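A.B. asks: Have a look at this prediction, sequence included:
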Amino acid sequence: MRSKVFKCSDFGTKCDIEFRGANVEEVLAQAKKHAIEVHHLTPAEVDSPAITELIASRVREDDGS
Ligand SMILES: [Zn+2]
């Protein structure tokens, strides 16, 4: 099954974590939760349009290869 994938390092962090989901919304939710818990961003920061657009623009199709 194909999934969407986003790497935390796409934020510019040195973090190797990847988020996977069936769609962009699932990946966004995981990435935002992680950013708050691990990188100490505030909910207001991760909910900003800039962050949402950054994540959405970098989410890739994982073809399982
Ligand atoms: Zn991270």
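C.D. replies: Nice, thanks for sending it over.
A.B. asks: Just the residues contacting the strand or helix carrying Glu26, thanks.
C.D. replies: Assigned by DSSP states H and E, Glu26 falls within helix 24-39. Helix 24-39 has contacts (C-beta atoms under 8 Å, 6 or more residues apart in numbering) with 4-6, 8, 11, 13, 15, 17, 19-21, 41-43, 45-47, 51-52, 55-56, 59. Where C-beta positions appear, they are placed from N, C-alpha and C, glycine not excepted.
A.B. asks: Report the residue spans of the protein with pLDDT below the cut-off.
C.D. replies: Applying pLDDT under 70 to the chain picks out residues 64-65.
A.B. asks: Could you pull up the residues touching the closest residue to Glu18 other than its chain neighbours?
C.D. replies: Leaving out its chain neighbours, the residue that sits closest to Glu18 by C-beta to C-beta, 6 or more residues apart in numbering is Lys7, at 5.1 Å. Going by C-beta under 8 Å, 6+ apart, Lys7 touches Asp16, Ile17, Glu18, Phe19, Arg58.
A.B. asks: Am I right that Phe19 sits in a strand?
C.D. replies: Yes: membership of Phe19 in a strand is supported by DSSP: H, G, I helix; E, B strand; the rest coil.
A.B. asks: returning to what we had before: next SSE downstream of the helix holding Glu26?
C.D. replies: With elements assigned by DSSP H and E, the helix or strand that comes after helix 24-39 is helix 43-46.
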